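S.K.: with the input below, show me the fold.
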Amino acid sequence: MKIIGIVGAHNSGKTTFISKLITKLKEKGYKVVAIKHDPKGKAKVDTEGKDSYKFQEAGADQVILVSPTKITTFNKIEKELHPNEIIEKFVNKSADLVILEGFKWYKGFDKFEVIRKEESRELLLKDNEELKGVITDYYPFNPSFDINNVNDFIKYLENNYLKGD
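M.R.: Modelled structure (predicted):
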């Protein structure tokens, strides 16, 4: 199982790019896990009033929602976990690729930064040795990948992360 991080500023296009990437990787038969960082804890993950929400509000340490096609689990934790701990504890080990969205300041995995021309900024990870490439519509970096076309990035992943060991 290989791990990469897609990082960037707020509203840089990370989620859109990752969604397209997952679609194409799944079409090619890869097993993909996506983990999104919510550093402020503001993401809406359940609907108020629903049973799973009520169980969480009642104080359950873990809530598991089971349907015929998926299992969703909500786990209370005492401290924020490093991505490697999340992967070790929660990720299906048969995955070919884990894509982390965010976690830009965490160490221990290769990162690809998303930056668009309209952002008018420098790279957040410009001098970070874990930055392995840039996903962009203009920024000069080697390697760089077209933010509007995931196919070149997939070829890069297949050559550098998804090839058989």
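
S.K.: for the rest of this, base every contact and every neighbour count on C-alpha atoms.
M.R.: Will do.

S.K.: any regions of the chain where pLDDT drops low?
M.R.: 164-165 (pLDDT under 70).

S.K.: in the chain, what residue sits furthest out from the centroid?
M.R.: residue 58 (29.8 Å; Cα atoms, centre = their mean).

S.K.: so what does the nearest residue to residue 56 once chain neighbours are set aside look like in phi/psi?
M.R.: Using Cα to Cα, 6 or more residues apart in numbering and skipping the chain neighbours, the partner closest in space to residue 56 is residue 63 (6.7 Å). Main-chain dihedrals, residue 63, degrees, to the nearest 10: phi -120, psi 130.

S.K.: thought residue 7 was touching residue 104?
M.R.: Yes: with contact defined as Cα atoms under 8 Å, residue 7 reaches residue 104; the gap is 5.6 Å.

S.K.: between these two, tell me which one has more neighbours.
M.R.: Between residue 7 and residue 104, residue 7 has the larger neighbour count (other Cα atoms under 10 Å), namely 26 against 21.

S.K.: pairing partners for the more buried one in the sheet, please.
M.R.: Beta-bridge pairing for residue 7 (DSSP bridges): residue 113.

S.K.: and residue 135, by the same measure?
M.R.: Beta-bridge partners, per DSSP bridges, of residue 135: residue 114, residue 145.

S.K.: follow-up on the earlier one: ok, now how distant is the residue farthest from the centre of the chain from residue 101?
M.R.: In this view, residue 58 and residue 101 are 30 Å apart by Cα to Cα, to the nearest Å.

S.K.: got it, and residue 109?
M.R.: 12 Å.

S.K.: again with residue 59
M.R.: 28 Å.

S.K.: and those two? Which one has more around it.
M.R.: Each of residue 59 and residue 101 has its neighbours counted (other Cα under 10 Å); residue 101 has more, 21 against 10.

S.K.: my read: the more buried one touches residue 10, true?
M.R.: No: assessed by Cα under 8 Å, residue 101 is found out of contact with residue 10, at 11.2 Å.

S.K.: residue 28 versus residue 151, what's the distance?
M.R.: Counting by Cα to Cα, the gap from residue 151 to residue 28 is 11 Å.
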